[in-house]
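Chemist: Give me a model of this one.
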Amino acid sequence: MALVVQKYGGSSVADADAIKRVARRIVDTRNAGNDVVVTVSAMGDTTDELIDLSNAVSGAEHPREMDILLTAGERISMSLLAMAVRDLGVGAQSFTGPQAGVLTSGAYGRARIIDVTPGRLRSALDAGDVAIVAGFQGLNQDTQDIQTLGRGGSDTTAVALAAALEADVCEIYTDVDGVFSADPRIVPSARKLESITYEEMLDMAASGAKVLMPRCVEYARRFSVPIHVRSSFSGLTGTMVVEETQGDDMEDPIIAGVASDRSEAKITVIGVPDVPGSAARLFEAVATADVNIDMIVQNVSATHTGVTDISFTLPTAQVAAAKSALEADAEQIGFTELVVDDTIGKISLIGAGMRASSGVSAKFFAALRDAGINIEMISTSDIRISVVTRSELLDGAVRAVHTAFGLDSTQGEAVVYGGTGR
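Modeler: Predicted structure coming up:
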């Protein structure tokens, strides 16, 4: 008997019919002789609707109350799904994150999991029941307040439960059939990957691939939890995310995929004194605002001016905080102007095979050149090349690079069942 942890996203439980369909899949897994633990997200757009409702009630920030409010969506899903499973003749118990033993710390709205004590889940499994857990939430062990985990919280909950329960596999159900070589909404000919390493998946996720969140993959890598990404709308085998892909190294593909991201902006700090410590002061100011920086470029300074320009990319939602922090320290840093550009797009080429393959960069930049794509910033690692370009050119850039590296599938177009790719 295997222990299987399953996670279903919002599009998989969007309405009553979808919940019944998920319940049948859970029951089939249980009847196949497996113990089953399920993590579930809020139905459809419930979280967005709750945020809109809070904005209509109050224009002020209420972090603690917002976390209490937003966890309601997952609690609705878990209880309805438990009812649907019971109606199919299989016992089921639903649990909130705190009831499931998910302990957190950190700030409201973006807490992190520090431990899982799944005693009640084990008791439910020992009783022959399916345990259904509300994702995205946990209990702060210091304040005893409920907290939400931020983006990808339900995925991270599922992997954390799988690690704590020593599950055989964590199945992440989405509205696509697995991890693809590119976003199938942008590249219909994207190829489904049979397997991908944690390392490659981390870079794909961090570069804009929405099928998994980086926190979830990092947790899985830390505890060696195998993830099976698959669709709740089909019975097809999906993509395994594992430590190492199987097969002959000579036949393993060089490139895993192409990722794209429109969620970032670029700030250029003009006229920074080109002296030791200037960059440190600049980024210390940004760090005080808890801003996540991605790519950084510093221009060569002109000898006669003694100043330089520094550009960096960051999530668009954090631009205001970064600007405020820099402007507050403007005199210490010594810059003359800040320029914000929120119309950029990032394209990334990812593949562990890059380490041992020459010519990848040349082919990548040639594909962008032939597609008429101008490059504004470049960042690399040993398995990734990322460039920034104009947002309106991003989709064309992704398709051009995808084709240039022979990633197009010959098996027909990829299907996005729920319309979101998640």
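Chemist: What spatial separation is found between residue 101 and residue 119?
Modeler: Residue 101 sits at a distance of 6 Å from residue 119 (criterion: CB to CB, to the nearest Å). Glycine gets a C-beta too; all of them are placed from N, C-alpha and C.
Chemist: more crowded one of the two?
Modeler: Between residue 101 and residue 119, counting by other CB atoms under 10 Å, residue 101 is the more crowded of the two (21 against 9).
Chemist: Can you read off the pLDDT for the more buried one?
Modeler: With respect to pLDDT, residue 101 scores 97.
Chemist: mind checking how far the closest residue to it other than its chain neighbours is from residue 136?
Modeler: The shortest distance from residue 101 to any non-neighbouring residue, by CB to CB, 6 or more residues apart in numbering, is to residue 117 (3.7 Å). Between residue 117 and residue 136 the distance is 18 Å, computed by CB to CB.
Chemist: same deal with residue 383?
Modeler: Counting by CB to CB - residue 383 and residue 136 are separated by 30 Å.
Chemist: Compare neighbour counts for those two and give me the winner.
Modeler: Shown here are residue 383 and residue 136; by other CB under 10 Å, residue 136 has more neighbours (28 against 19).
Chemist: I figured the more buried one hits residue 96, correct?
Modeler: No. With contact defined as CB atoms under 8 Å, residue 136 and residue 96 do not form a contacting pair (10.5 Å).
Chemist: intersection of neighbour lists for these two?
Modeler: By the contact definition CB atoms under 8 Å, 6 or more residues apart in numbering, residue 136 and residue 96 are jointly contacted by 71, 74.
Chemist: quick one: the strands in the stretch 51-200 of the chain?
Modeler: 92-95, 102-105, 112-116, 130-134, 137-140, 146-148, 169-174, 195-197 (DSSP state E, counting those that start in this stretch).
Chemist: Can you say which of these is nearest to residue 5?
Modeler: In terms of CB to CB, the element of the strands of the stretch 51-200 of the chain nearest to residue 5 is strand 169-174, at 4.6 Å.
Chemist: And the closest one, what does it pack against?
Modeler: Under the contact criterion of 3 or more CB pairs under 8 Å, 6 or more residues apart in numbering; DSSP states H and E, strand 169-174 touches strand 3-8, helix 153-165, strand 227-231.
Chemist: ok, and the closest non-adjacent residue to residue 257?
Modeler: residue 181 (4.1 Å).
Chemist: List phi and psi for the one you found.
Modeler: Main-chain torsions, residue 181, degrees, to the nearest 10: phi -70, psi -10.
Chemist: Residue 291 too?
Modeler: Residue torsions, per degrees, to the nearest 10, at residue 291 are phi -100, psi 140.
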